[in-house]
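>>> the following block contains a protein sequence and its predicted model.
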Amino acid sequence: MSRLSYREGMRQALREALAADPRVFIMGEDVGRYGGTYAVTKGLLEEFGPERVRDTPLSELAFVGAGVGAALGGVLPIVEVMTVNFSLLALDQIVNNAALYRHMSGGQFSVPMVIRMATGAGRQVAAQHSHSFENWYASIPGIRVLAPGTVQDARDMLAPALACGDPVVIFEHANLYNMESEVPEARSADIRSAAVLREGSAVSLIAYGGTVPKALQAAEQLAAEGVQAEMIDLRVLRPLDMATVLASVRKCRRAVVVDETWRTGSLAAEVVARIAEEAFYDLDAPPARVCTEEVPIPYARHLEEAALPQPEKIVAAVRAVLGAEA
């Protein structure tokens, strides 16, 4: 058991991947000499050299495309896109190339690459650097989408992502990099299943990524009021593990889904729709969603905090769901 930060967990995973397989290399903007925009790759250039840790030009379209080509050529690239906002410049390479090769080649080719990107708001970096587009990527067949919301998953999800043989997008919420926790020895994570982080019976709280700590904080507050919430961390956004979600909903009979994307077209909307389709008669109240307000993320701290899901909003949504059965 050791105490790690989310950043250190991811760095440890990258170091172990580079050491374990000579086919693995990292590429992206400022990943080498600078050590990564969020210091995740700090020290790896000195340890593994410029062939394995490659700084790239400022062109997401170009270096993500180079990663696709490298993966097709038999190596295992880990491509870092500085932030999800900039990944829009590489959508053609991700959506029209990486995601489709296995299907369009009849299974003759695959693209075993990992694309890492920081996501989320809460750091006062204004609208163009605060997006959460996990739901967009989670809607695309052909890729696997991971959103580690704990230090353990930040450390343990990379190895199976590299081993799965298909393109994997990992969303790392920028507000989590400094989060610390005690974690056991490294192990291979399950990248197909959601995780029950807290047992309960009154309501199912369903979250992922940067909303996981907020939902856990809300669950603690609710427990002090005598309400035992069950906390589900989706972890894997494509394919969604609805079996774990539905088992919890059928037990608790109420659900609140927390999602940092905007409410319209959110991943929370997909989860709620599937709950309604598959567990409608198990519900004692309509499912609720706590999402980001329908505005570009404000720069001012008090406005940014007001726009985002917060523990207080989650608690209020749970209270409303519990009151709805009366």
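Looks like it arrived, so ask away.

>>> rest of the way, CA atoms for contacts and neighbours
OK.

>>> how long is stretch 201-218 from one end to the other?
Start to finish, the residues bounding stretch 201-218 are 15 Å apart (C-alpha to C-alpha, to the nearest Å).

>>> state the mean pLDDT of that stretch.
Across stretch 201-218, the average pLDDT comes to 98.

>>> shaky segments in the chain?
The chain contains residues with pLDDT under 70 at 186, 324-326.

>>> max-length strand in it?
Counting by DSSP state E, the longest strand found in the chain is strand 255-262.

>>> CA-only coordinates of that strand in CSV, if you can.
What follows is strand 255-262, C-alpha atoms only, in CSV (Å, rounded to 0.1, in the frame of the first residue of the first chain):
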residue,chain,number,x,y,z
ALA,A,255,-31.3,7.3,-9.2
VAL,A,256,-29.4,10.6,-9.6
VAL,A,257,-26.9,10.8,-12.5
VAL,A,258,-24.1,13.4,-12.2
ASP,A,259,-22.3,14.6,-15.3
GLU,A,260,-20.1,17.6,-16.0
THR,A,261,-21.2,17.8,-19.6
TRP,A,262,-24.2,20.0,-20.5
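
>>> okay, buried residues for the next helix or strand after it please.
As assigned by DSSP states H and E, the chain's next helix or strand after strand 255-262 is helix 267-279. Across helix 267-279, burial judged by 16 or more other C-alpha atoms under 10 Å covers 267-269, 271-272, 275.

>>> could I get the full set of helices for the stretch 51-200 of the chain?
60-72, 84-87, 91, 101-104, 134-138, 151-156, 158-163 (DSSP state H, counting those that start in this stretch).

>>> those: which one's closest to Ser181?
Closest to Ser181 of these is helix 151-156 (C-alpha to C-alpha; 6.5 Å).

>>> give me the contacts around that closest one.
Applying C-alpha atoms under 8 Å, 6 or more residues apart in numbering, the contact partners of helix 151-156 are 4-13, 148, 172, 179-181, 183-184, 186-189.

>>> now the buried members of the residues you listed.
For the contacts of helix 151-156, a neighbour count by 16+ other C-alpha under 10 Å gives the buried set as 4-13, 148, 172, 180, 183, 189.

>>> tell me the bridge partners for the residue nearest to Ala288 when sequence neighbours are not counted.
Once flanking residues are discounted, Ala288 sits nearest to Val256: 4.7 Å by C-alpha to C-alpha, 6 or more residues apart in numbering. With DSSP bridges applied, Val256 shows beta-bridge pairing to Leu205, Ala288.

>>> other residues contacting the helix or strand Ser248 falls within?
Assigned by DSSP H and E, Ser248 belongs to helix 242-252. By C-alpha under 8 Å, 6+ apart, the surrounding residues in contact with helix 242-252 are 193-195, 200-204, 206, 230, 232, 255, 271, 274-275, 278-279, 282-283.
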